[in-house]
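[1] Attaching a predicted model along with its sequence, questions to come.
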Amino acid sequence: GENVEQHPSTLSVQEGDSAVIKCTYSDSASNYFPWYKQELGKGPQLIIDIRSNVGEKKDQRIAVTLNKTAKHFSLHITETQPEDSAVYFCAAFLRGTSGSRLTFGEGTQLTVNP
Amino acid sequence: GAGVSQTPSNKVTEKGKYVELRCDPISGHTALYWYRQSLGQGPEFLIYFQGTGAADDSGLPNDRFFAVRPEGSVSTLKIQRTERGDSAVYLCASSLRSAGGGETQYFGPGTRLLVL
């Protein structure tokens, strides 16, 4: 099955700085990579996603890059704001013989200090 | 429109009891997923429905766990003879369909289960 590793587990930045979170996956057949933001007591909320036929995608202050050869993808947040503070999860989608599923990383606790 | 809803939001039960957790997916979404999230970890896949059938239940930890989706909309996750280790947040997600290319999954707020 798929295995997703995420780094760092915690990240603290000053307001206005950039934040980068990195993930690696193990199964080259994975073809869809979403990123979720989870605030305390809430469910994960999709913030951006990328498919395997694209190398980079940007949405305002958020961007994601994908390197299929190296099997890693990254989340970039620019001009961070205190409301960006949350836990961020990367995930990889794999369709296999036993079904289709998302495999999540362990999460990154991002703290943006005012 | 309305998102994925889950009830109850919190459930406290005693070891050995039976619990049911409910998920109402986004209207029109044919794919429904259940995940379990332990404290400080990412969600872990439990089961996936495409329509009324469980297309993949390989993530269910043992035979105490069972889920149904009889009419292809609402789903219920059932846990028999609960154990303290079952304490976690149970998340439900739905997507428009589950094609080979992956579809965006929208998550509900979760049910926080505590087994005493």
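    Done, it's in.

[2] was I right about A:Q14 contacting A:T111?
    No: taking contacts as Cβ atoms under 8 Å, A:Q14 lies outside contact range of A:T111: 10.1 Å. To be clear about C-beta, it is placed using only N, CA and C from the backbone, and glycine gets the same treatment.

[3] who has more neighbours, the two?
    A:T111 (14 against 9; other Cβ atoms under 10 Å in any protein chain shown).

[4] what about the more buried one, which SS state?
    strand (DSSP: H, G, I helix; E, B strand; the rest coil).

[5] residues in contact with the residue nearest to it when sequence neighbours are not counted?
    Take A:T111 and drop its neighbours on the chain: the residue closest to it by Cβ to Cβ, 6 or more residues apart in numbering or on different chains is A:S12, 4.6 Å away. A:S12 makes contact with A:110-111, A:113 under the criterion Cβ atoms under 8 Å, 6 or more residues apart in numbering or on different chains.

[6] again, but for A:C23
    A:4-7, A:33, A:72-75, A:90, A:92, A:105.

[7] which one of those residues is nearest chain B?
    A:G105 (5.6 Å; Cβ to the nearest Cβ).

[8] Can you give me the buried ones in the longest strand along chain A?
    Ranked by number of residues, the top strand in chain A under DSSP state E is strand A:86-96. By 16 or more other Cβ atoms under 10 Å in any protein chain shown, the buried positions in strand A:86-96 come out as A:86-95.

[9] what lines up beside it in the sheet?
    strand A:32-38 (antiparallel), strand A:99-104 (antiparallel), strand A:108-113 (antiparallel) (DSSP bridges).

[10] For the ones you listed, give me CSV that also has mean pLDDT and distance to B:W34.
    Output for the strands paired with strand A:86-96, formatted as CSV (pLDDT from 0 to 100; distance: least, Cβ to Cβ, whole Å):
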stretch, mean pLDDT, distance to B:W34
strand A:32-38, 96, 16
strand A:99-104, 84, 11
strand A:108-113, 98, 24
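
[11] Throw those strands into TSV and include distance to B:E71, thanks.
    Shown next, in TSV, are the strands paired with strand A:86-96 (distance: least, Cβ to Cβ, whole Å):
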stretch	distance to B:E71
strand A:32-38	28
strand A:99-104	21
strand A:108-113	39
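
[12] I'd guessed B:T104 sits against B:R97; true?
    No: under the criterion of Cβ under 8 Å, B:T104 is not in contact with B:R97, lying 10.6 Å apart.

[13] List of residues touching stretch A:59-74?
    Under Cβ under 8 Å, 6+ apart, the answer for stretch A:59-74 is A:20-26, A:28, A:33, A:35, A:47-50, A:52, A:54-58, A:75-80, A:90.

[14] Buried subset of the residues you listed as a PyMOL selection?
    The buried residues among the contacts of stretch A:59-74 can be selected in PyMOL (16+ other Cβ under 10 Å) with this line:
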select buried, chain A and resi 20+21+22+23+24+25+33+35+47+48+49+50+52+75+76+77+80+90
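
[15] need the helix or strand of the chain with the lowest average pLDDT.
    Chain wasn't specified; assuming chain A. In chain A, the helix or strand scored least confidently by mean pLDDT, DSSP states H and E is strand A:99-104, which has a mean of 84.

[16] That was the other one, I meant chain B.
    strand B:53-56 (a mean of 83).

[17] How about the contacts made by residue 22?
    With no chain named, the answer covers chain A. Contacts of A:K22 (Cβ under 8 Å, 6+ apart): A:6-7, A:72-75.

[18] try again with chain B
    B:6-7, B:74-76.
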